[in-house]
Structures are given as C-alpha cells and as structure tokens.
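In: What would the 3D arrangement of this be:
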Amino acid sequence: MTPNLQIELRRFISSNVVSKLNKFYFENDALLIKGIDVSIGTVLMGLYNKAEESEFYTNIVSFLQTDSTFYQEVDFTAGRILSVDDCYRIEGNDILKEIFSNKKGRISEMISNEVGIKSETAREILNFSALLVISFLKNNNQLLDSLKLLLEEQKRDILNSIPPGIKIILGFTCHEVVEDKNQANLGRSIFTLFGHNFF
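Out: Sure thing, here's the model as predicted:
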C-alpha cells in the first residue's frame, strides 16, 4: 500500500513531543503543531522541487548518518520520538541548505508570519521537520526510487496544507492548487450526476 507521507509523518508529533518542544519555545500547543505540519509539507515540496537532480534523494539521505542523535531517538516501528533534545538545531541546518539553498531564511520567516509563532521557533521547527522527513526516508529507503512519483500523486494535498506565501516562495501558484482542487471537484460532480442518472 502506498503510504501517505504527510499522515505517516504526523503520527510522530504526539502531545508528548509537543510538550517537550515547548520547553524550548513556549508557544501555544495548537500553533506549534500547525507550524510543524506546515514545515513537514514545506520540506516535502522542497524535495519535490529537487526531483530532477540526479541522485539528489540518495545524497540528501546520506547527510543523515546512522549515528545521528536525532535518528537514534526515533522509534519508527512504534511511530514515536523517544526523546527530544536540541540536536536538530545543528543537524537539520545542512539538510535545509541543500534542499532550499538561499531560500531557507525566507521560508522560516514566512512560517513565523503565516502560523503566528516566533521567528526562532519557526527556524528550529523547520530544522526539526527536515530531520524527521529525512529520518523517515532513510528508514524507508525503498521509497526513494519512487519518491518523485509519490510526491507528484500527493502534491495537491500537501500544498493545501501550506499557506499561500510559502507556496509562492517554493514556486507554486495558489491558482495552480485551486485549479487542481476544482478539477477534482468537477470530476466528483460529474460522477455523482451520472451516478444518480443511472443508478
């Protein structure tokens, strides 16, 4: 069965993880969760944008060494993070530079503005989310060969979880997402119309 990447990654953001993160940031829990969700979607779309680069996914996963503190703190079988310390502040930075180049600062500032959390919090949860995404892919490396296709299939739903300003920085237009959504709704309407006529 094809995994829904965003749903799989959301499983790791338990109330316990949010509570531990808030020891550092003192944000509203709901806003922190929203910020992490937006960050996860942003990282996934950043990876999607790099899909044409040869060996990119393999290279990005190789950034995360097996002895990474963060990687060792994730129980992938149970879908939970065992411990939350601030290792992601350093470990996530190189990955984000590779994915977003010089856009990293603008993206974290936009997360801060769009979600309503402090700039420092946005910066750090983007690091945290990048490590979570890459750790998940490293642990499920069979997904790497079909990751571009998987992200293409899930692109509309992922983009719908990202605020407009971030979509624009990533190179997607709000019109593109709305158009995709309208086409899906039109397809459902036609199906319903014919369904009622014939059944």
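In: Which element, helix or strand, includes the nearest residue to Leu144 once chain neighbours are set aside?
Out: Nearest residue to Leu144, sequence neighbours excluded (C-beta to C-beta, 6 or more residues apart in numbering): Tyr57, at 4.8 Å. For every residue, glycine as well, the C-beta is placed using N, CA and C. Using DSSP states H and E, Tyr57 sits within helix 56-63.
In: Give me the contacts around that helix.
Out: Applying C-beta atoms under 8 Å, 6 or more residues apart in numbering, the set of residues contacting helix 56-63 from outside is 47, 50, 94-95, 98-99, 134, 137-138, 141, 144, 147.
In: For it, buried residues please.
Out: With burial defined by 16 or more other C-beta atoms under 10 Å, the residues of helix 56-63 counted as buried are 56-57, 60-61, 63.
In: Check the offset of the next helix-or-strand element following that helix from the chain's centre.
Out: Using DSSP H and E, the helix or strand that follows helix 56-63 in sequence is helix 69-72. With C-alpha atoms, centre = their mean, to the nearest Å as the basis, helix 69-72 stands 18 Å off its chain's centre.
In: which sections of the protein are below the confidence cut-off?
Out: 1, 66, 174-199 (pLDDT under 70).
In: those strands in it, which residues are they?
Out: 74-75, 80-81 (DSSP state E).
In: and the first one, which strands flank it?
Out: What it means is strand 74-75. strand 80-81 (antiparallel) (DSSP bridges).
In: Next one: Leu159 from Phe70, what distance?
Out: Separation of Leu159 from Phe70 (C-beta to C-beta, to the nearest Å): 26 Å.
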